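Novice: here is a sequence together with a model predicted from it:
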Amino acid sequence: MSTKKTNSTKSQSDFTAFWKQFQLLPWKWANVITSNPVYLVSSALYGYVVLGVLTYFSNPWVMPISLEDQPLKLYPSLHFFLIGWMLVVILMIRWRHTIPQFFQWSYDSGRIRARQGNLVEEYSQYLHEYQRGLRNKYIPLTLSALLVAMLVSLLQKTNAIPFILDNYTPAAAVFLIIGTCVSLFWVVMIGLFSWVLYVTAMYIGKLTQRFDLEIQASHPDRCGGLKPFGDFCLGAAVPIIVGGLALVAVSILRLDFYSALSRIATTFIFVVVGPLTALTVFMSLWSVHIKMSEHRKAYADGFAEQILLLERDVFANTREKGDLNKAKTAKEKLEILRSLHPDQLDYPVWPFRFTRTVLTIFSPQLLVTLVGIVTTIYSTFFKK
């Protein structure tokens, strides 16, 4: 008894030490920035201050050449970009701090069982592999470089830098170009977080490959007792969805005199937001879904086999030489068993409510697509 208690205490302290040394990204500066929203939110507030000064203060050193080129009046969509970014940062860093809690819950809750008989060692090895995956230096930098290249390409196509140099005083242009560089840094951070989401999703999927899941069909959460899996992955997708909705507002409302920001927003919705939300939720939970579907199938097969045996028992004992008492007993068992039909239990195959979740995940793309369809129909049939 004391040995078991000692092993349990040792395993808990081993995991505690692991989480104390846990690093989300391989660079110290990146871990500092992603552990507290104040840094990235401050950069967005810097952008607000610069744009506010250029718009509302009549200092000849920091004024547009023409009063019609005041940025927050010329581009009202910047409000959605800046507010949306601050919300994304706060929600993403809040989710980032739930990673240790989720993986510790997976171990403590008893929802996973070791296949080789030693859960402590297997799970410890699994966590260290997850940490090594996160510390990869080259792939996240490559993702960030690709996103930066995409944004630079969009800025080039929209002639953003020449527009700033031609329409603003030198001092104002310097502030705006610094703001543009800050935006590029935001994109770098999106690339780094995309890698975190990918690795985390991949290792949640590996849980079902490395361990057996304990699924409880009649659990009150209606998700087989695995609702924390769905909640964790949806929590990772929420910042992306919120950012997508902010971009949807830019794309749909078209508040700007020029359509440059609208085109940038639409591009990010379909190239970044859509694939990233789908990857974050479905890549991580697909293997869980497969395992839950297999459990449902096994349960349904066992249920059907028992039903068949009882039906045969009833039929055999209602014949002339049958035992009527055995037939009544089998019939009572049959009625009880039918209350445990998989459809009657609403046997879960996803660790969340599927329809509602899918609509939430794809809401930004759906809104843009639906508005595009309505606009096309209106332009074709009603606009003169």
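Specialist: Arrived safely. All values reported here derive from a predicted model rather than from experimental measurement. Residues are numbered from 1 along each chain as shown.

Novice: from here on, just use CA atoms for contacts and neighbour counts.
Specialist: Fine.

Novice: so where do the strands sit in the protein?
Specialist: Counting by DSSP state E, one finds strands in the chain at the ranges 112-114, 211-213.

Novice: can you report how many residues lie near the closest residue to residue 85 other than its chain neighbours?
Specialist: The shortest distance from residue 85 to any non-neighbouring residue, by C-alpha to C-alpha, 6 or more residues apart in numbering, is to residue 243 (6.6 Å). Applying other C-alpha atoms under 10 Å, we find 23 residues neighbouring residue 243.

Novice: low pLDDT regions in the stretch 151-300 of the chain?
Specialist: Within the stretch 151-300 of the chain, the stretches with pLDDT under 70 are 257-258.

Novice: ok so, going back, for residue 282, which of the strands of the chain is the nearest?
Specialist: With C-alpha to C-alpha as the criterion, residue 282 lies closest to strand 211-213 of the strands of the chain, at 17.7 Å.

Novice: now find how far off-centre that closest one is within its chain.
Specialist: On the basis of C-alpha atoms, centre = their mean, to the nearest Å, strand 211-213 sits 23 Å off its chain's mean C-alpha point.

Novice: re the thing from before, distance to residue 290 and mean neighbour count added to the strands of the chain, as CSV?
Specialist: Converted to CSV, those look like this (distance: least, C-alpha to C-alpha, whole Å; neighbours: other C-alpha atoms under 10 Å):
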stretch, distance to residue 290, mean neighbour count
strand 112-114, 15, 18
strand 211-213, 11, 17
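
Novice: would you turn those into CSV with distance to residue 156?
Specialist: Formatted as CSV, the strands of the chain follow (distance: least, C-alpha to C-alpha, whole Å):
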stretch, distance to residue 156
strand 112-114, 51
strand 211-213, 50
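
Novice: among the ones you listed, which is nearest residue 135?
Specialist: strand 211-213 (23.5 Å).

Novice: the residue nearest to residue 85 against residue 84, yeah?
Specialist: Yes. Between residue 243 and residue 84 there is a contact under C-alpha atoms under 8 Å: 5.4 Å.

Novice: let me see the ranges of the helices in the stretch 201-350 of the chain.
Specialist: Along the stretch 201-350 of the chain, the segments classed as helices by DSSP state H, counting those that start in this stretch run 227-253, 260-268, 274-278, 284-317, 324-338, 342-345.

Novice: now, of the ones you listed, which is deepest in the fold?
Specialist: Among the helices of the stretch 201-350 of the chain, the stretch with the highest mean neighbour count (mean count of other C-alpha atoms under 10 Å) is helix 227-253, at a mean of 22.

Novice: now that one against helix 284-317, angle please.
Specialist: 130 degrees (axes from the mean of the first three to the mean of the last three C-alpha atoms, to 10 degrees).

Novice: can you give me phi and psi for the closest residue to residue 90 other than its chain neighbours?
Specialist: Once flanking residues are discounted, residue 90 sits nearest to residue 37: 5.6 Å by C-alpha to C-alpha, 6+ apart. Here is the backbone geometry of residue 37 (degrees, to the nearest 10): phi -70, psi -10.

Novice: let's check: the centremost residue of this structure is which one?
Specialist: With distances taken as C-alpha atoms, centre = their mean, the residue of the chain nearest its centroid is residue 237 (2.2 Å).

Novice: what is the neighbour count of the residue nearest to residue 90?
Specialist: Around residue 37 there are 19 other residues, counting by other C-alpha under 10 Å.

Novice: ok, now residue 17?
Specialist: For residue 17, the neighbour count with other C-alpha under 10 Å is 11.

Novice: with residue 172 instead?
Specialist: A total of 23 residues lie near residue 172 under the criterion other C-alpha under 10 Å.

Novice: start the count at 866, not 1, going forward
Specialist: Sounds good: first residue 866 from here, last item residue 1037.

Novice: look up how far residue 962 lies from it.
Specialist: Shown here: residue 1037 relative to residue 962, a distance of 38 Å by C-alpha to C-alpha, to the nearest Å.

Novice: show me what contacts residue 952?
Specialist: Contacts were defined as C-alpha atoms under 8 Å, 6 or more residues apart in numbering; by that measure residue 952 touches 1104, 1107-1108.
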